[in-house]
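Engineer: Provided below for reference: sequence and predicted model.
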Amino acid sequence: MKAKDLITIKDLSISDIEEIFALTAKLKSEGRISKDEPLKGKTLGFIFQKPSLRTKVSFAVAMAQLGGAAIYLAPEEVKLGEREEIKDVARTLSRYLDGIVARTFKHGDIIELAEYSTVPVINGLSDFSHPCQALADIFTVKEKKGKVKGVKIAFVGDGNNVCNSLLMASARVGADISVAVPKGYEPDKEVIKIALDFAGVTGSKVVICTDPEKAVSGADVVYTDVWTSMGQEKEKAKRLKAFKGFQINEKLCSKANKDFIIMHCLPAHRGEEITDECMESPHSIVFDQA
Ligand code: NVA
């Protein structure tokens, strides 16, 4: 892996995250168009195996605003690993592009892409992690709460890619994180270990449980994600049953702190992991988060 790849949150030190947040705050304060065009002449390529709204648009807009260009390669155009081997795609694209954002089904495919490409590879979501989402989430918590240390984040739902990244990122920056998932849907074991290691350094409290009320009790942030992620569609009926009782609704949110915020990486399935009332409530900051 190259120094500038971003494959999981584990790759980032606390100072890397601080640097990214300082730059993010600076760019946000400067407005939409960067006069210095720091990415002039640079081209970012997207290799996506799954649909995308926020990831695709945010990267493309960022490239435009920073003076660079973006090329989107749809799933059917590349057919990564099918029409052409990943290592061949990686070496070909490295000769044209300055960076690659990849969204794949298998996390291992992003690792292989990074291994063979000579330009930085950014994970734009895999079945294992979604690091850019977690960075944007923690940045948003900081903006809304004025700090991250000691802020309690409750994640209720599936211990999926978004949960894995949020868990590592929260512990890395010193936020407390309580995850409530049904039995059998826990976050990745290795991720829990990493989060606990980070917590040992930052003092973050990490709790993994099966009780949504326990997780949300005293929380400043109530976070959820879909119960059926992209690629798991065949499990939908089974998952709807397993996740009963893990919905973000007004009753559950009544356990949170008075000025709590509701977060969701989107897309949301209203009536499943979150009610319409919670999505539209004044506590919901999901669109600022996006
Ligand atoms: N867990 C969801 C996140 C979408 C941004 C999925 O992988 O489909």
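Structural biologist: Done, it's in.
Engineer: Met263 versus the nearest residue to Arg54 once chain neighbours are set aside, what's the distance?
Structural biologist: Sequence neighbours aside, Ala290 is the residue nearest to Arg54 in space, at 5.1 Å (criterion: Cβ to Cβ, 6 or more residues apart in numbering). All C-beta spots, glycine's among them, are computed from the backbone N, C-alpha and C. Going from Ala290 to Met263 by Cβ to Cβ, to the nearest Å gives 10 Å.
Engineer: of the two, which one has the most company?
Structural biologist: Legend: neighbour count by other Cβ atoms under 10 Å for Ala290 and Met263, higher for Met263 (27 against 17).
Engineer: assess the claim that the more buried one and Tyr223 are in contact.
Structural biologist: Yes. If you go by Cβ atoms under 8 Å, Met263 and Tyr223 touch, sitting 4.4 Å apart.
Engineer: so what sits against both of the two?
Structural biologist: The contact sets of Met263 and Tyr223 overlap at Asp137 (Cβ atoms under 8 Å, 6 or more residues apart in numbering).
Engineer: I'd assumed Leu266 was in contact with the residue nearest to Arg54.
Structural biologist: Yes. Under the criterion of Cβ under 8 Å, Ala290 is in contact with Leu266, at a separation of 5.8 Å.
Engineer: quick check: neighbours shared by the two?
Structural biologist: Arg54.
Engineer: any weak-confidence spans in the stretch 101-250 of the chain?
Structural biologist: Nowhere does the stretch 101-250 of the chain drop to pLDDT under 70.
Engineer: tell me where it has helices.
Structural biologist: 107-116, 131-145, 161-173, 189-202, 212-216, 236-242, 250-253 (DSSP state H, counting those that start in this stretch).
Engineer: tilt between the longest one and helix 161-173?
Structural biologist: Relative orientation of helix 131-145 with respect to helix 161-173: 60 degrees, computed using axes from the mean of the first three to the mean of the last three Cα atoms, to 10 degrees.
Engineer: now what about helix 131-145, what contacts it?
Structural biologist: 6-9, 11-12, 17, 20-21, 24, 55, 122-125, 148, 151, 153, 162, 165-166, 168-170, 173, 175, 220-221, 223, 261, 263, 265, 285, 288-289.
Engineer: just the buried residues of these.
Structural biologist: 6-9, 12, 17, 21, 55, 122-125, 148, 151, 153, 162, 165-166, 168-170, 173, 175, 220-221, 223, 261, 263, 265, 285, 289 (16 or more other Cβ atoms under 10 Å).
Engineer: kind regards, and thank you for your time.
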